[in-house]
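Peer 1: Predicted structure and sequence below. I'll ask about it afterward.
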Amino acid sequence: MPNMSPTKVAMPEQDPKARAKNFDEVACGYTAEMAQEEAARCLNCKKPVCIEGCPVLVHIPDFIQKVVEGEFEQAYEIIASTNSLPAVCGRVCPQETQCESKCIRGLRSEPVAIGRLERFVADWHIEHSEKRSIEIVPNGHKVAIVGSGPAGLTCAGDLAMAGCDVTVFEAFHECGGVLVYGIPEFRLPKAIVKREVEGLEDLGVKFRKDVVIGRTMTIDELFEDGYETIFVGSGAGLPMFMGIEGETLLGVFSANEYLTRINLMKAFREDYDTPAPRSRCVAVIGGGNVAMDAARSALRMGAEKVMIVYRRSMEELPARAEEVQHAIEEGVEFNLLRNPVKILSDENGYVCGMECIKMELGEPDASGRRRPVPIEGSEFTMECDAVIMALGTRANPIIGQTTEGLDLNKWNCIVADEESAATTREGVYAGGDAVTGAATVILAMGAGKQAAKSMLEFMGVE
Amino acid sequence: MFKICNKRRLNSNVTLIDVEAPAVAKKAKAGQFIILRTDEFGERVPFTIAGCDREAGTVQVIYQIVGKTTMQLDTLEAGDCLADFAGPLGKPTEIEGLDRVAVVGGGVGCAIAMPIAKALHEQGSKVDIIAGFRSKDIVILEEEMRGMCDNYYLMTDDGTTGEHGFTTTKLQQLLEAGEKYDCVIAIGPVIMMKFVVATAKPFDVPTMVSLNPIMIDGTGMCGCCRVSINGEMKFACVDGPDFDGYSVDFDELIRRNGYYKEQEAHGKEHICNLTGGVRHA
């Protein structure tokens, strides 16, 4: 008999007041009992529509049934057969717009907590299991992956499983891409990312760090070195700014910079050298996940007041519901229907405030969301000593600039076929933020997976 | 890991190292930079490539000890390894078609000016070098640079060696004397570059400067190194580091480069005497 409770088994979390001052993970994870109780809410539908909501097509009801039975390792094998990064996805996927949005239970009550169950299974595996011993038959094909973010790791995992000799080239000193430089420790512990990367090493994937493709080596040189096909998952590039006055003042950061200092360069730890921006009152411009991450990080770095400034209303916030909820609980203030017009400077060139204008929602625009329109004469000033711009990114320009025959769109993103991930250059595939501009981890993973399939076809591997 | 295979002190505060990094050495061109990290706890810091030996697979970096990271770096000796060394980054200096060039180097900026002067000299351009230092005891690379130019002018602020005056004093003299340069290339303290531009402008000589804003990733991701070029936002790591000097907002760059000075001065600027800088992950 399924568990007919209308609500998900609650996720144990750190107390909001306490967690707003530390970088430990916010959500503590289900115990085995909680997981089994939640798993029993799954109706194990004959036609599991939840799977359609998953970009990497995890066999959701199958793994959940294994959780019900207490066969956690088998549950893991089912997830891992289509998803290279379960512990990551269980934490950062926007399930409410994907698998869980399709769940039949969600029609009348809360959907099954698929994400939480995925995380439980992945964490259980990390804690209890030996190295996975998968028999891989080498197929003799050599492939290169550019970038070790979610797209690259997924693509590498699938190609390695198929028997390819896979090398991943990473520009930074650490693997994981946005998982290590962007998403904060309190949402995705870096030890988890490291473990997922090690999992790929166990499959035979080689990682070469400190190699900037386009500079240290070009795409053409990779082909000369015998790589038959190449996947480019070089990720997000230059951050967008608003183009308003004052964006080069001291105390104005892109979210990329702010988060990279804290996450990749560990500015929150005393034992690391990276200087950290210490601000008292922080305004974060934007309403996506990155904005929430920056705002919540600012609290943890000791800011007394942190505000989200977003030009639309609460309803249109693009961030995951859970992140918004967490941010509110932790004390982040939401200044909605507000847009900065100018950043104000003190006599030494430091930020001392921001001039904003009030907005109202007009007719829906091309994206279907109601367009924010400035209310004339409603300008006002807000005080702050730091401004973090979380407005999205353009693609990284280096590969585009140094590769012949690789078409870019007007935002400098790599043009790649939506289905096959093929670029305009034969043998080169691309996916993730390098193609779409700033998007989600799971979409990048979906693209990496799709690319792996196309690359195998390209090399004539069954 | 990247081994330091040679270390040589150029003056009491400036050190030259050769680092084993064959992949970087193979591609490096004048004007490009690398990002290094001394160890697990270190910052990512950019240094312009001072030279490279493609056959030996080594890249030369010259650093001035100014803060925690360079102090930490200076605790390493030949035979020790750097945790990370990535590059070559940035666009190479555009030297094609330049027949007659004045290369102006200020202080440790001479380390960056040197490979550019060398590349110009090797392509047959006529090169005048103006090298400026505060005082005699900190003059670096004099011999090396004399060998890669037609005229070498040494300037010191206090007149203890070479001629008395700033680099701009000499540039002004040369321009007034009717020297016709296709380009002035200036590398050194931001304030010096600002004044070189001001000196060259009345003579309408194109002036290129190499900018050194604070960077983190150096690969076009974080946006920290943004500079205003003709009022437009550019990123030194991928759009530069060279820019048209007439278009640069130098005052803004000086301000932005000072952002972490206070924090660095408090607390973090210290190498542990007990361990001599050895840290464990």
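Peer 2: Sure thing, it's come through. Residues are numbered from 1 along each chain as shown, chains lettered A, B, ... in the order given.

Peer 1: dump the residue contacts of the residue in the stretch 1-150 of chain A that chain B sits nearest to.
Peer 2: Nearest to chain B, among the residues of the stretch 1-150 of chain A, is residue A:147, at 10.6 Å (C-beta to the nearest C-beta). Glycine gets a C-beta too; all of them are placed from N, C-alpha and C. Contacts for residue A:147 (C-beta atoms under 8 Å, 6 or more residues apart in numbering or on different chains) come out as A:168-171, A:177, A:213, A:232-235, A:432, A:434.

Peer 1: so which of those is the most crowded?
Peer 2: In terms of neighbours by other C-beta atoms under 10 Å in any protein chain shown, those top out with residue A:432 at 36 neighbours.

Peer 1: measure it to residue A:402 for me?
Peer 2: 19 Å (C-beta to C-beta, to the nearest Å).

Peer 1: Next: residue A:46.
Peer 2: Where residue A:402 is concerned, residue A:46 sits at a distance of 52 Å (C-beta to C-beta).

Peer 1: Going along the chain, name the strands of the stretch 301-450 of chain A.
Peer 2: A:305-310, A:333-336, A:338-345, A:351-364, A:370-374, A:380-383, A:386-389, A:393-395, A:428-430 (DSSP state E, counting those that start in this stretch).

Peer 1: Please identify the most buried of these.
Peer 2: Highest mean neighbour count of the strands of the stretch 301-450 of chain A: strand A:428-430, a mean of 29 (counted as mean count of other C-beta atoms under 10 Å in any protein chain shown).

Peer 1: Name the residue in residue A:46 and residue A:402 with the higher neighbour count.
Peer 2: Each of residue A:46 and residue A:402 has its neighbours counted (other C-beta under 10 Å); residue A:402 has more, 16 against 6.

Peer 1: gap between that one and residue A:334?
Peer 2: In this view, residue A:402 and residue A:334 are 42 Å apart by C-beta to C-beta.

Peer 1: nearest residue to the most centrally placed residue in chain B other than its sequence neighbours?
Peer 2: Geometric centre of chain B, nearest residue: residue B:112, 3.7 Å, by C-alpha atoms, centre = their mean. Nearest residue to residue B:112, sequence neighbours excluded (C-beta to C-beta, 6 or more residues apart in numbering or on different chains): residue B:48, at 4.1 Å.

Peer 1: and what of residue A:289?
Peer 2: residue A:319 (4.8 Å).

Peer 1: show me where the stretch 51-200 of chain A has strands.
Peer 2: Secondary structure of the stretch 51-200 of chain A (DSSP E, counting those that start in this stretch): strands at A:142-146, A:165-169.

Peer 1: Run through who's touching the first one.
Peer 2: Under the criterion C-beta under 8 Å, 6+ apart, residues A:152, A:155-156, A:159, A:164-169, A:213, A:219, A:222, A:226-234, A:399, A:455, A:459 lie in contact with strand A:142-146.

Peer 1: Make sure residue B:36 is indeed in a strand.
Peer 2: Yes - counting by DSSP: H, G, I helix; E, B strand; the rest coil, residue B:36 is part of a strand.

Peer 1: quick one: buried residues of the longest helix belonging to chain A?
Peer 2: Looking across chain A with DSSP state H, the single longest helix is helix A:441-459. Of the residues in helix A:441-459, A:441-456, A:458-459 count as buried by neighbour count, 16 or more other C-beta atoms under 10 Å in any protein chain shown.

Peer 1: and that helix, what's its mean pLDDT?
Peer 2: On average, the pLDDT along helix A:441-459 is 93.

Peer 1: then that helix to PDB, C-alphas only?
Peer 2: C-alpha atoms of helix A:441-459 as PDB (Å, rounded to 0.1, in the frame of the first residue of the first chain):
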ATOM      1  CA  VAL A 441      23.300  22.100 -14.200                       C
ATOM      2  CA  ILE A 442      20.800  19.400 -15.400                       C
ATOM      3  CA  LEU A 443      20.300  21.000 -18.800                       C
ATOM      4  CA  ALA A 444      24.000  21.100 -19.300                       C
ATOM      5  CA  MET A 445      24.100  17.400 -18.300                       C
ATOM      6  CA  GLY A 446      21.400  16.600 -20.700                       C
ATOM      7  CA  ALA A 447      23.400  18.300 -23.500                       C
ATOM      8  CA  GLY A 448      26.500  16.400 -22.500                       C
ATOM      9  CA  LYS A 449      24.600  13.100 -22.600                       C
ATOM     10  CA  GLN A 450      23.200  13.900 -26.000                       C
ATOM     11  CA  ALA A 451      26.600  14.900 -27.300                       C
ATOM     12  CA  ALA A 452      28.100  11.600 -26.100                       C
ATOM     13  CA  LYS A 453      25.500   9.700 -28.100                       C
ATOM     14  CA  SER A 454      26.300  11.700 -31.200                       C
ATOM     15  CA  MET A 455      30.000  11.400 -30.700                       C
ATOM     16  CA  LEU A 456      29.700   7.600 -30.500                       C
ATOM     17  CA  GLU A 457      27.700   7.600 -33.700                       C
ATOM     18  CA  PHE A 458      30.300   9.900 -35.400                       C
ATOM     19  CA  MET A 459      33.000   7.400 -34.500                       C
END
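
Peer 1: Helix or strand with the lowest mean pLDDT in the chain?
Peer 2: All of this is about chain A. Least confident helix or strand, chain A: strand A:393-395 with a mean of 84, by mean pLDDT, DSSP states H and E.

Peer 1: The intended chain is chain B.
Peer 2: For chain B, counting by mean pLDDT, DSSP H and E, that's helix B:261-263 with a mean of 69.

Peer 1: Any chance of the backbone angles for residue B:132?
Peer 2: When read as degrees, to the nearest 10, the backbone of residue B:132 gives phi -120, psi 140.

Peer 1: Report the spatially nearest residue to it, omitting neighbours in sequence.
Peer 2: residue B:167 (3.7 Å).

Peer 1: do the same with residue A:395
Peer 2: residue A:413 (4.2 Å).

Peer 1: buried residues in the host helix or strand of residue B:172?
Peer 2: Taking DSSP states H and E as the definition, residue B:172 sits inside helix B:167-176. Of the residues in helix B:167-176, B:167-172, B:174-175 count as buried by neighbour count, 16+ other C-beta under 10 Å.

Peer 1: could these be laid out in CSV, adding pLDDT?
Peer 2: CSV is the format used below for the buried residues of helix B:167-176 (pLDDT from 0 to 100):
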residue, pLDDT
B:167, 96
B:168, 95
B:169, 95
B:170, 95
B:171, 96
B:172, 96
B:174, 96
B:175, 96
